[in-house]
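Student: Pasted the sequence and its predicted model underneath.
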Amino acid sequence: MAARTIGILHPGQMGVSIAANAKNGGCRVLWASDGRGEETTGRAEKAGLKDVRTIARLCAECDVILSVCPPHAAEDVADSVVSAGFTGTFVDANAIAPERSRRIAEKLKSAGVAFVDGGIIGGPAWKPGTVLYLSGPAADDVASCFGDGPLEVVALGDEIGRASALKMCFAAYTKGTTALLSAILATADRLGVRDDLNAQWKRGDPSFPGQTENRVRNVTAKAWRFAGEMEEIAATFRSAGLPGEFHDAAAEVYRRTARFKDAPETPTLAEVLAALGRRAD
C-alpha cells in the first residue's frame, strides 16, 4: 500500500511529536508555514516535516489532516480546512468537550469531510507513555498510520465524542487537582498557615509538600492553555448532569497564572502565589 500523506495543524510541542510518530509509521508528513512563527518553523524543520506553505496546498495533498491546537481554536482550524476544500479525513485531537466534537463533526460531514474524534493523554510523544485515543467510523483507519511508536494509539469504536469524553474525564482529575492545589497553597499563604499546612501534609507523606510546590510552579508554563481546557471539562460535566463549577474555578486559577507563558525561567512559588491572589485581566 502506498504511503499515506498526513498534514499537521499546527506543529506545537505536542503536535510535532505526533507528526514525528506518523513519520515513524511510514507516512509522508506535511505542514503549512504561512502565518506561523520561528519556533514552530524550527520544530517542524527539526522533525523533518515538509513545508507546503499554505493550508490550501496542504488540503490538496493530504489524505488525513490532524489538528492539535489550543481548545479555543479548534473550530476555527476545522473551518479553515473546509474553506480550503479538503475532502479527506480530519482528526480533531484537541482537548474539547464531546458535544463540541460532535458539532464540528456535523459541520465537516456536511462539507464531505470524514471526521475522527481524538484525545491525547500524556506529554509530547517522544518516548512511551503517551496515548492518542481515537473514535469515529474512520478511527481504525487513522490508527493504522501510527505503527512503530513510541506513541500508543487506541481506537475506541465508531462513536464520535468518546475519545474526547475520556480525555475530559482524565484531565478533570490530573489538571483539575493541580489547580485545586494551587488555590489551596495561595489561600493558606494569605491566611498565614502555609508552613503549618506543609507540616500536616508531611505527617502523611514527607515528600508531598515539595511535590505540590513543583506542580504549582511548573504548570504555569501551560496555564494559558489549560484555562480553556478547564472550561471544556466544565461543559462536559454539565452535559452529563453534573455540576461544572469546580472546573470553572480551575479555569480562573489558570487564567491568573497565564502571565507566566514564555517566561525565561520557572517562576518562584512566591511569584505564583502572588499572581493567584490577583484576578485575571
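Tutor: Yes, it's here.
Student: State the phi and psi torsions of the residue lying closest to Ala251 once chain neighbours are set aside.
Tutor: Nearest residue to Ala251 in three dimensions, chain neighbours excluded: Met230, at 3.7 Å (CB to CB, 6 or more residues apart in numbering). For the C-beta atoms, the positions are set from N, CA and C on the backbone; glycine is no exception. When quoted as degrees, to the nearest 10, the phi and psi of Met230 stand at phi -60, psi -40.
Student: mind listing the helices in the protein by residue range?
Tutor: Assigned by DSSP state H, the chain shows helices spanning 13-24, 38-46, 55-61, 74-83, 98-110, 139-143, 162-190, 194-204, 208-218, 223-239, 245-256, 269-276.
Student: can you list the ones you listed in JSON lines and add mean neighbour count?
Tutor: Below are the helices of the chain laid out as JSON lines (neighbours: other CB atoms under 10 Å):
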{"stretch": "helix 13-24", "mean neighbour count": "22"}
{"stretch": "helix 38-46", "mean neighbour count": "15"}
{"stretch": "helix 55-61", "mean neighbour count": "19"}
{"stretch": "helix 74-83", "mean neighbour count": "18"}
{"stretch": "helix 98-110", "mean neighbour count": "18"}
{"stretch": "helix 139-143", "mean neighbour count": "20"}
{"stretch": "helix 162-190", "mean neighbour count": "19"}
{"stretch": "helix 194-204", "mean neighbour count": "13"}
{"stretch": "helix 208-218", "mean neighbour count": "16"}
{"stretch": "helix 223-239", "mean neighbour count": "23"}
{"stretch": "helix 245-256", "mean neighbour count": "21"}
{"stretch": "helix 269-276", "mean neighbour count": "18"}
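Student: These: which one's closest to Gly7?
Tutor: Nearest of those to Gly7, taken as CB to CB: helix 55-61 at 4.4 Å.
Student: now the longest strand seen in the chain: mean pLDDT?
Tutor: Taking DSSP state E as the criterion, the chain has its longest strand at strand 114-121. Here strand 114-121 scores 98 as its mean pLDDT.
Student: Check which helices and strands it sits against.
Tutor: strand 89-92, helix 98-110, strand 131-135, helix 139-143, helix 162-190 (3 or more CB pairs under 8 Å, 6 or more residues apart in numbering; DSSP states H and E).
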